[in-house]
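Enquirer: structure of the sequence below:
(chains A and B)
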Amino acid sequence: MSIFSNVIPTVIHAAPLAPDWPSGFWSHLIIFVVILFIFYIFMAMAFIYFERRVISRFQIRIGPNRIGPFGLFQPVADVIKILIKEDIIPGNVDKIIYILAPAVAVVPSILVFAVIPFQNGTALIDLNIGILYIVAISSVSTVGLVMAGWSSNNKYALISAMRIIAQVVSYEIPMALAILGVVLFSGTLSMNGIVQAQTVPYILLQPLGFVIYFLASMAEINRTPFDLLEAEGEIVAGFNIEYSGFKFALFFLTEYAEAIAVSAIITTLYLGGWKGPFLPPILWFLIKVFAVFALIIWVRATLPRLRIDQVMGFAWKCLLPLAILNLLITACQVVFWPALSQWIIAGVNIVLSAVLVVLWSRFFRLTGDKVEA
Amino acid sequence: MKLKNYGEGIVKGMAVTMKNALRRPITTQYPEQKLNVSRRTRGNQLVWNKEACIACSMCARACPVNCITMVTSRDENKKLKVDKMDYDAGVCIFCGLCVEACPQKCLFLSTDYEKARYSRKDLQLTKEDILMTEKSKPSGYYSPEHEAKLPIQTLLIDRK
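Expert: Numbering: from 1, shown residues only, chains lettered A, B, ... in the order given. Purely as a prediction, here's the structure:
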């Protein structure tokens, strides 16, 4: 196993923090809950600002630059504006579910951050089933969105809710299968363990898994090529059409929190998490998160929205078989070549995934305006 | 098997957006940066050269919507002078017929486009309001000598 040289040199300023840093269970819990909540709010605002600036660069604009230096206080102004709006509850909504829905949507999106390691061992809790916990918790958010769409007593909201169910449930499967490839290589479900196991970033060992996870998670968080649930041209605003004021703000927060969570998970699983030379680990983590989000914005700036049957076909006919094949290949490699250099495996996998993508594209041919399988 | 339709269109599209992202922004930061309007612009309120005016009232007669009111009288040398030159910019249709009718070439459409007001009353201008100033210059409409003095219009298509 000595060929597994540590190619990512790590700055370890200190030994990994004790799981109950600074002292004992309660102080750890309180300090980390406060830190995570501040991180959550500030990162959501930073992401809103970052997305508006970056997307405007792609559209040859400048973006918000009036409030504060470089428009940095624009999200603050947006928050103030949205909070002083009237909180309307329309007449014929299902009141209890209507009021409950934003809370059900926003809470799981906060809970995801509990297991994300910001540096070695620095997390609210380093669960030994961390990634399983994330998969389980993040899909609960969907229930909130469906509740919102159902209770609004509005046909567009209902159509949106139906689309969420179809889309998110379908994309859970290739997403989970893509994660399994990483888990097989690292041999652990713990998020911190996965980062520590990455001598080579798993994007090189699992290129196909990365692509599948990236696309599936874009569908999970309803980013642009898959943003059918809030397709402005078709169903106005989707599930949140009847919401205003603070409740709308919670849905907005959920959307961006999920984007942060997905960026953080991709960073942790595929890009080596907090590892990196020269800079402190927390900074490396943030740089990678913003880089992943920039990629998401880049895709948003480029690709148009898919049709609902194309979205479903893409999940079941393309991503799912590829994810199963990827899992199979990974399992074979882990079982048969456990001692082989990871660089060789990386090379083999990059070639294999290119071949698989090209092969799979043979099954989709363009006939007129229709993509058929 | 031809190597086609395996997703290379997405890569091409991403390259196009990235190329655009590295371009200079095409937007103008309006109050700080202003573009030059067309040199022969027609659509801004009148400017009037008081010294050259001979008070013939041709502009008032030419106006199809009667937005110019000119009242004249004789002074001690029996020369015509302008007592009142009222111009309602809210009624004006900026057709330029008054400019073409002026025998002394002392009436012009202007290049100054920031003339929005809060009430209609503010658009009823008197002769002091339409005098030539540094800001409100005559446009090149029907007067090539003024057109030559104005800067060339900035077009966004010229920006690289």
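Enquirer: next one, pLDDT for A:Val7 please.
Expert: pLDDT, A:Val7: 46.
Enquirer: list the residues that contact residue 141.
Expert: Just so you know, I chose chain A. A:Val104, A:Ala105, A:Val106, A:Pro108, A:Ser109, A:Thr254, A:Glu258 (Cβ atoms under 8 Å, 6 or more residues apart in numbering or on different chains). Every C-beta, even on glycine, is put in place using the N, C-alpha and C of the backbone.
Enquirer: not quite, I wanted chain B
Expert: Residues near B:Tyr141 by Cβ under 8 Å, 6+ apart: B:Arg40, B:Thr41, B:Arg42, B:Gly96, B:Val99, B:Phe108, B:Leu109.
Enquirer: how does it look with 6 Å?
Expert: Counting by Cβ atoms under 6 Å, 6 or more residues apart in numbering or on different chains, B:Tyr141 makes contact with B:Arg40, B:Arg42, B:Gly96, B:Leu109.
Enquirer: the nearest residue to the second one once chain neighbours are set aside: which element?
Expert: Okay, so that is B:Arg42. Nearest residue to B:Arg42 in three dimensions, chain neighbours excluded: B:Tyr141, at 4.8 Å (Cβ to Cβ, 6 or more residues apart in numbering or on different chains). Counting by DSSP states H and E, no helix or strand carries B:Tyr141.
Enquirer: what do you get for B:Leu109?
Expert: Remark: B:Leu109 resides in strand B:107-109, with elements defined by DSSP H and E.
Enquirer: so how many other residues sit close to residue 62?
Expert: Because you didn't say which chain, this covers chain A. 16 (other Cβ atoms under 10 Å in any protein chain shown).
Enquirer: you looked at the wrong chain, it should be chain B
Expert: Neighbours of B:Ala62 using other Cβ under 10 Å come to 17.
Enquirer: with A:Arg61 instead?
Expert: Neighbours around A:Arg61, by other Cβ under 10 Å: 15.
Enquirer: name the nearest residue to it, ignoring sequence neighbours.
Expert: B:Thr27 (5.2 Å).
Enquirer: just A:Ala105 next, same as before
Expert: Closest to A:Ala105 by Cβ to Cβ, 6+ apart is A:Gly144, at 2.8 Å.
Enquirer: so the one you found sits against A:Val104, correct?
Expert: Yes: the pair A:Gly144 / A:Val104 is scored as a contact, 3.5 Å apart, by Cβ atoms under 6 Å.
Enquirer: from chain A, how far out is the residue nearest to B:Arg42?
Expert: Distance, B:Tyr141 to chain A, using Cβ to the nearest Cβ, to the nearest Å: 33 Å.
Enquirer: just give me the residue closest to the centre of chain A.
Expert: Centroid-nearest residue in chain A: A:Val262, 1.6 Å away (criterion: Cα atoms, centre = their mean).
Enquirer: stretch B:42-60 spans what distance, first to last residue?
Expert: End-to-end distance of stretch B:42-60: 18 Å, with Cα to Cα, to the nearest Å as the criterion.
Enquirer: go on, stretch B:95-113?
Expert: End to end - Cα to Cα - stretch B:95-113 spans 16 Å.
Enquirer: that one - what's its average pLDDT?
Expert: Averaging the model's pLDDT scores along stretch B:95-113 yields 89.
Enquirer: now do it: everything it contacts.
Expert: Against stretch B:95-113 from outside (Cβ under 6 Å, 6+ apart): B:37, B:41-42, B:44, B:47-49, B:52-54, B:58-59, B:62-63, B:135-139, B:141-142.
Enquirer: what about those, which are in helices?
Expert: Using DSSP state H, the subset of the contacts of stretch B:95-113 located in helices is B:Met58, B:Cys59, B:Ala62.
Enquirer: check contacts around A:Tyr40.
Expert: A:Ile110.
Enquirer: next one: phi and psi at it?
Expert: Torsion angles at A:Tyr40 (phi, psi; degrees, to the nearest 10) stand at phi -60, psi -50.
Enquirer: between A:Gly144 and A:Val104, which one's more packed in?
Expert: With neighbours defined as other Cβ under 10 Å, A:Gly144 and A:Val104 compare such that A:Gly144 has more, 25 against 20.
Enquirer: in what helix or strand does that one lie?
Expert: Using DSSP H and E, the element containing A:Gly144 is helix A:141-151.
Enquirer: state the distance from B:Asp88 to B:Leu123.
Expert: 6 Å (Cβ to Cβ, to the nearest Å).
Enquirer: equivalent analysis for A:Val93, please.
Expert: In terms of Cβ to Cβ, A:Val93 sits 48 Å off from B:Leu123.
Enquirer: and the closest residue to chain B within the stretch 151-300 of chain A, what pLDDT?
Expert: Closest residue of the stretch 151-300 of chain A to chain B, Cβ to the nearest Cβ: A:Trp298 (6.4 Å). A:Trp298 is assigned a predicted lDDT (pLDDT) of 91.
Enquirer: can you get me a residue count around it?
Expert: 17.
Enquirer: where's it, which helix or strand?
Expert: Going by DSSP H and E, A:Trp298 is part of helix A:281-302.
Enquirer: how far away from the center of its chain is the following helix or strand past that helix?
Expert: Where DSSP H and E defines the elements, the next helix or strand beyond helix A:281-302 is helix A:308-313. With Cα atoms, centre = their mean, to the nearest Å as the basis, helix A:308-313 stands 20 Å off its chain's centre.
Enquirer: report the buried residues of the longest helix along chain B.
Expert: The longest helix of chain B (DSSP H) is helix B:8-21. Across helix B:8-21, burial judged by 16 or more other Cβ atoms under 10 Å in any protein chain shown covers B:Met14, B:Thr17, B:Ala21.
Enquirer: neighbours of the one residue in chain B that gets nearest to chain A, how many?
Expert: Here chain B gets closest to chain A at one residue, B:Tyr6, 3.7 Å apart by Cβ to the nearest Cβ. By other Cβ under 10 Å, the residues close to B:Tyr6 number 16.
Enquirer: do the same with B:Thr111
Expert: 23.
Enquirer: and A:Asn128, by the same measure?
Expert: Neighbour count of A:Asn128, defined by other Cβ under 10 Å: 13.
Enquirer: tell me the secondary structure for it?
Expert: The three-state label given to A:Asn128 by DSSP: H, G, I helix; E, B strand; the rest coil is coil.
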